[in-house]
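1. can you look at this prediction? I've put the sequence above it.
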Amino acid sequence: MALGRALFLLLVLHLGVTGARAAEIPVPPGEALAEAIAQAAPGDTLRLASGIHRGSVVVDKPGLTLAGEPGTVIDGLSQGMAVRVTAAGVVLRGLTVRGSGLSLIDKHSGIFLDRGAHGAVVEETVLQENLIGIYLEGPRDVTVRHVTIDGLRRLRRPERGPAISIWNAPGARILDSDIAGGRDGVFSVSSRADIIRGNRFRDLRFAVHFMYTNDSEVADNVSVGNNVGYVMMYSDRLRLTGNVSDHDRDQGLLFNFANDSAISGNVVRGAEKCVFIYNANKNRFRDNWFEDCRLGVHFTAGSERNAISGNAFVANRTQVMYVGTRYLDWAVEGRGNYWSDNAAFDLDGDGIADAPYRPNDIIDQVVWRAPAAKLLMNSPAVQVVRWAQRQFPAIHPGGVVDSAPLMTPLRPPALARLEGGQ
């Protein structure tokens, strides 16, 4: 018991000494920042005054906080990383960081979080005119929240770096930020347990791009006018919920070798393809809203054991494109999907149409394989073939069938946010 009290008193004394050492240090504009970091003790707070501070600095003191006043700018002068963090527990708050170098090979960034920067926090910060906005190279449990990133727009998009680049940084959290003008919004490679939530993406190639990033979450984000919204590649056990893709050009959601994931409550509107599923298996697409795309779903390359139910396919020019001979039933436990072009009846009033729905037929598959066949679409021969398929369903060559189509669509909460302009 005496030993326990002694250890407790020793801990209290240690905390008191550590707390006594922590200090707030004012830093004037100019070239004083590097010296202030060198003189600071772990846990100190550097209060950066309004004005331009010379960047290309290394933050190597654990627990150090760099806090800016309104108008505080750290300028990297186009050399390397404007701010490089190598110690754990560092906080960067209330800053504008600009002017990184221009070498992608050397990972020149506005803020570079090295593999020792575990638990770093970047918040309420603006990043402008950096090749890469924020680079996470190996630190664990980093939080980036309430930041605004605008990329280096004077470069062509393929020459820019990502707004936020993540490499092997498990537990990274990218939250409630406004991201524009880079190559990709968030580009994550070889990571896990990351969370990308509540962000807005625009003027990018891809809003969120995962490669070999497992057990991660992408939720409640908005992608507007990018080439592609959410690109999930070679990644497993993902959760995509409540995201919006509004008039992204090519695809809203893209899954390539992405497996065993849950995709629910998302809204895609106005893309070339709402969803592109390529060799992606055992995924669960549930209660999503796909509207006004040239293709609702393009489903190809041996994608197997995907469960697709409760989704709304609304006013797409072609609801489903599936070129294959297997029969795929897009209903799960007696619940299918809503199809806006399904002229159905529900005589028993159970909310399920009385007849199955087939989004494609033999003629559709012929046209996909030989586009020149479109010239014959209004010919009597084509109309006879389609009439025969309706009368004799057994002659269908395989494809998608919804055995329990819904009579009314389920509107996910993300749709209300989109229609409300949020």
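-> Arrived safely, thanks for sending. Numbering: from 1, shown residues only.

2. give me every residue that touches the nearest residue to Pro356 once chain neighbours are set aside.
-> Leaving aside its sequence neighbours, Pro356 sits nearest to Ser403 (CB to CB, 6 or more residues apart in numbering; 4.9 Å). Yep, even glycine has a C-beta here, placed from its N, CA and C like the rest. Ser403 sits next to 329, 331, 336, 356 when contact means CB atoms under 8 Å, 6 or more residues apart in numbering.

3. what about the first one, how many neighbours?
-> When you say that, I think you mean Asp329. 14 (other CB atoms under 10 Å).

4. beta partners of it?
-> Using DSSP bridges, the beta-bridge partners of Asp329 come out as Val401.

5. so how far is Arg335 from His347?
-> Actually, residue 347 is Leu. It isn't His. 18 Å (CB to CB, to the nearest Å).

6. who has more neighbours, these two?
-> Using other CB under 10 Å, the more surrounded residue of Leu347 and Arg335 is Arg335, with 15 against 7.

7. nearest spatial neighbour of the more buried one, skipping sequence neighbours?
-> Here the residue nearest Arg335, using CB to CB, 6+ apart, is Ser309, at 5.0 Å.

8. list the contacts for the one you found?
-> Contacts of Ser309 by CB under 8 Å, 6+ apart are 285-286, 330-333, 335-337.

9. what's the closest non-adjacent residue to Ala355?
-> Ala344 is the one closest to Ala355 (CB to CB, 6+ apart), at 6.5 Å.

10. tell me the spacing between Val90 and Pro42.
-> Val90 is 10 Å from Pro42, by CB to CB.

11. so for these two, which residues contact both of them?
-> 61-64.

12. bridging residues for Trp339?
-> Phe313.

13. residues near the residue lying closest to Ile132 once chain neighbours are set aside, how many?
-> Nearest residue to Ile132 in three dimensions, chain neighbours excluded: Gly161, at 3.5 Å (CB to CB, 6+ apart). Look at Gly161: counted by other CB under 10 Å, it has 26 neighbours.

14. helix or strand for Gly161, which one?
-> Assigned by DSSP states H and E, Gly161 belongs to neither a helix nor a strand.

15. so where is the stretch 251-400 of the chain shaky, pLDDT-wise?
-> 301, 324-325, 361-398 (pLDDT under 70).

16. helices along that one, start to end?
-> Using DSSP state H, counting those that start in this stretch, the helices found in the stretch 251-400 of the chain span residues 362-369, 380-391.

17. give me the most central residue, the chain.
-> Val208 (3.2 Å; CA atoms, centre = their mean).

18. from the chain's centre, how far out does the one helix or strand it maps to sit?
-> Under the criterion of DSSP H and E, Val208 resides in strand 206-214. The chain centre lies 7 Å from the centre of strand 206-214; the measure is CA atoms, centre = their mean, to the nearest Å.

19. ok, and the closest non-adjacent residue to Arg269?
-> Glu291 (4.7 Å).

20. Asn342 too?
-> The shortest distance from Asn342 to any non-neighbouring residue, by CB to CB, 6+ apart, is to Tyr357 (4.8 Å).

21. the one you found and Gly336 touch, don't they?
-> Yes - if you go by CB atoms under 8 Å, Tyr357 and Gly336 touch, sitting 7.4 Å apart.

22. which neighbours do the two have in common?
-> Common neighbours of Tyr357 and Gly336 (CB under 8 Å, 6+ apart) are 402, 405.

23. what about the helices in the stretch 1-150 of the chain?
-> 2-21, 33-39.

24. any idea how many residues pack against Glu304?
-> Glu304 has 11 nearby residues by other CB under 10 Å.

25. any idea how far the residue lying closest to it once chain neighbours are set aside is from Asn256?
-> Setting aside the residues directly before and after it, Glu304 is nearest to Asn281 in space (CB to CB, 6+ apart), at 4.9 Å. Separation of Asn281 from Asn256 (CB to CB) stands at 11 Å.

26. ok, Val297 next?
-> With CB to CB as the criterion, Val297 and Asn256 are 14 Å apart.

27. ok, the two, which is more surrounded?
-> Val297 (29 against 17).

28. what residues are up against that one?
-> Contacts of Val297 (CB under 8 Å, 6+ apart): 273-277, 290, 308, 313, 319-322.

29. please apply the same query to Arg205.
-> Contacts of Arg205 (CB under 8 Å, 6+ apart): 157, 183-184, 226-228.

30. which of those residues fall within helices?
-> When DSSP state H is applied, the contacts of Arg205 are split such that none fall in helices.

31. of the residues you listed, closest to Leu104?
-> For the contacts of Arg205, the residue nearest Leu104 by CB to CB is Arg183; the value is 9.5 Å.

32. quick check: His209 touching Val186?
-> Yes - at 7.0 Å, His209 counts as touching Val186 under the criterion of CB under 8 Å.

33. overlap in contacts of those two?
-> Common neighbours of His209 and Val186 (CB under 8 Å, 6+ apart) are Pro162.

34. tell me which of the two has more neighbours.
-> Val186 (31 against 23).

35. check which helix or strand covers that one.
-> Judged by DSSP H and E, Val186 forms part of strand 184-192.

36. quick one: list the elements packing against the helix or strand that that strand is followed by.
-> Helices and strands here follow DSSP H and E; after strand 184-192, the next one along the chain is strand 195-197. Secondary-structure packing of strand 195-197 (3 or more CB pairs under 8 Å, 6 or more residues apart in numbering; DSSP states H and E): strand 173-175, strand 217-219.

37. out of these, which is closest to Ala193?
-> That would be strand 217-219 among the helices and strands packed on strand 195-197, by CB to CB, at 8.6 Å.

38. what does the closest one rub up against?
-> Residues contacting strand 217-219 (CB under 8 Å, 6+ apart): 194-198, 208, 210, 230, 238-243.
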